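In: With the sequence up front, the predicted model follows.
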Amino acid sequence: MFRKTVSSLMLVLLVASVLVLSLKIRPVSGAETTVYINPDGSITPSTAPISTVDNITYTLTGNIINEPIVVERSNIVIDGNGYTVQGSQSGNGLSLTDMNNVTIENANVESFSFGIYLFDSDNNIISGNIATANYEGIYLEGSSNNIISGNIATANGYDGIRLYSSSNNNIISGNNANANYGGIYFYSSSNNAVSGNNVTSNYYGVDLESSSGNIVSGNSAVSNSFGLTFTNSNGNTVFENNITQSYIALGLYSSSGNTFFGNTVANNERGVFMQSSSNNVVYHNNFENIVQVVEEDSSGVWDHGYPSGGNYWSDYTGVDLKSGPNQDQNGSDGIGDTPYIIDNNNTDRYPLMMPWTPFSHDVAANSILPSKTIIGEGFGCSVTVAVANFGQNTETFNVTAYANSTVIGTQPVVNLSAASTTILTFLWNTTGLTHGNYTLSGYAWPVSGETYTTNNNVTGGAVCITIPGDLNGDFRVSLQDLVILAKAYGSKPGDPNWNPNADITGDNTVGPSDLAILANHFGQPNPTIP
């Protein structure tokens, strides 16, 4: 009787999923004609100024006016060759949907709604392009593991570079985002890196909303109204950025658990503005602003303890005659003898007497996140570890990921430059693991000359290993799990109903194979867990 019920439900879900997919709305070109790079490698129309000799590398041989390019073939290179793809203020200039391993380089894309557009597309490289006078310069939605580097995004009506529901291992580095409304904007996008970019003369420089676990490092934000802004965004790491000539350099709105260190925040009207934000950690920053901090209903941690110290404040008037955790021992230690009082709720207990300079050698593990939090034993899970080089020298080192005390894997990081980050992905095989809860941790092995190792280890990412088909982690497969799967049925990463725990097989789709596994284990309890 149950299998008959499940079969009927499967049919209903499949029909519903087809309807949902058919109604999914995606931005489309509004121009008169469109150039296609077809799945078989051919080009339509054949007269388009694009040449290829191997159906792998496609090179523009002239400007393309009012004809956007739609890419329907993966594993190719599109070389703009310095030519321009120009629209009429609508549609997508260069667009990828469900495409992987595509490189777009050396193209000028202007006057579209979306200049370069990626939807549900992974492992692509967007490099050395110029996106100007579009509504959105470079736009990613539902896309992971992409590299956006060395591009110029300027004078776009909204954002130079925008990530929407795009998480896991996008690296946004070495770009110039100038004179846009928003330079670089993340919405609902987590576990990405924003490093070494120049964001200048935008209204918002780097703006994160509802986005967590990202790394923002080594960026230069100059002459933006708001330098770095975080709204409803938690657990981000922000270090060694240079933020100057802003109205508000660092803005936090309903954001908690973020870490800010080693940043230069100077010549701004307001250094930090915090509203309804708590448990943010701020240390080893250099603050030299007209108003250092403004807070509304907020409190945070403003030092890293003794002897690490707090922040450098240009308006601190204390002296350094004493040392020790209570600053009551003889001898100076580079830390002010009296705290820097911000307000009744915020105090830097150990203000630095001189501006902070980075350690010569300092690597760190910043975050560790699993792709799902509930895994059926025997199925896989990806685990991402974000690591950084906080020091002043290029470093090579190993990183190990653990589940409790068991090694998931070890990977090398080679020639990571100073003030930069990278994200490693480990594949975790759960076959044979005891059912129960596991805590993940990551460890960056110290490099030669490294003396500060407190930040080399990171812990986080609790995962439950259980019966395949148990989607709520109660170690039973029941109707509650079927309801969870039904809500996510037909979804892929980036869809509003996507639930990675419902993707039992790990193929990035909640579909018939997941339903079959759940049905096979339906009613099964775990005999070892009450």
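Out: Structure's in. What do you need?
In: The helix or strand hosting Phe260 pairs with which strands, parallel or anti?
Out: Assessed by DSSP states H and E, Phe260 sits inside strand 259-261. Strand 259-261 has the following sheet partners, assigned by DSSP bridges: strand 237-239 (parallel), strand 278-283 (parallel).
In: most tightly surrounded among the ones you listed?
Out: A comparison of these by mean neighbour count, using mean count of other Cβ atoms under 10 Å, puts strand 237-239 on top with a mean of 24. C-beta here means a position set from N, CA and C on the backbone, and glycine is covered the same way.
In: which element follows that one toward the C-terminus?
Out: strand 242-244.
In: quick revisit: output the strands paired with strand 259-261 in a markdown table; the columns should cover mean pLDDT and distance to Val194.
Out: Formatted as a markdown table, those follow (pLDDT from 0 to 100; distance: least, Cβ to Cβ, whole Å):
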| stretch | mean pLDDT | distance to Val194 |
| --- | --- | --- |
| strand 237-239 | 92 | 9 |
| strand 278-283 | 95 | 18 |
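In: can you put those in a markdown table and add distance to Gly196?
Out: Below are the strands paired with strand 259-261 laid out as a markdown table (distance: least, Cβ to Cβ, whole Å):
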| stretch | distance to Gly196 |
| --- | --- |
| strand 237-239 | 12 |
| strand 278-283 | 22 |
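In: do you know which of those strands lies nearest Asn456?
Out: In terms of Cβ to Cβ, the element of the strands paired with strand 259-261 nearest to Asn456 is strand 237-239, at 14.1 Å.
In: contacts for the closest one?
Out: By Cβ atoms under 8 Å, 6 or more residues apart in numbering, the residues outside strand 237-239 that reach it are 214-218, 228, 250, 258-263, 366-367, 386, 388, 390, 419.
In: Quick check: chain neighbours aside, which residue is closest to the residue nearest the centre of the chain?
Out: In the chain, the centroid-proximal residue (Cα atoms, centre = their mean) is Asn192; its distance is 1.8 Å. Once flanking residues are discounted, Asn192 sits nearest to Asn170: 4.4 Å by Cβ to Cβ, 6 or more residues apart in numbering.
In: can you tell me how far the one you found sits from Thr259?
Out: 20 Å (Cβ to Cβ, to the nearest Å).
In: more neighbours, the two?
Out: Set Asn170 next to Thr259 and count neighbours by other Cβ atoms under 10 Å: Asn170 wins out with 26 against 17.
In: Select from the contacts of strand 237-239 every entry located in helices.
Out: In helices, defined here by DSSP state H, there are no members of those.
In: Keep only those of these that are in strands.
Out: If you go by DSSP state E, those have Ile215, Val216, Ser217, Leu228, Leu250, Thr259, Phe260, Phe261, Asn366, Ser367, Ala386, Ala388 in strands.
In: how about low-confidence regions in the chain?
Out: Across the chain, the ranges flagged by pLDDT under 70 are 1-32, 527-530.
In: and it, what are its domains?
Out: Listed by automatic domain parsing, the domain ranges of the chain are 31-198, 218-223+237-357, 360-521.
In: Could you work out the end-to-end span of the second one for me?
Out: Read it as domain 218-223+237-357. Its start and end residues considered, domain 218-223+237-357 measures 14 Å (Cα to Cα, to the nearest Å).
In: Check the last one too.
Out: Counting by Cα to Cα, the length from the leading to the trailing residue of domain 360-521 is 55 Å.
In: Strands along the stretch 351-500 of the chain, start to end?
Out: 363-370, 374-376, 380-389, 395-403, 406-416, 420-429, 436-444, 457-466 (DSSP state E, counting those that start in this stretch).
In: Serialize these to TSV and add fields for distance to Ile184.
Out: Output for these, formatted as TSV (distance: least, Cβ to Cβ, whole Å):
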stretch	distance to Ile184
strand 363-370	19
strand 374-376	33
strand 380-389	17
strand 395-403	26
strand 406-416	21
strand 420-429	15
strand 436-444	26
strand 457-466	24
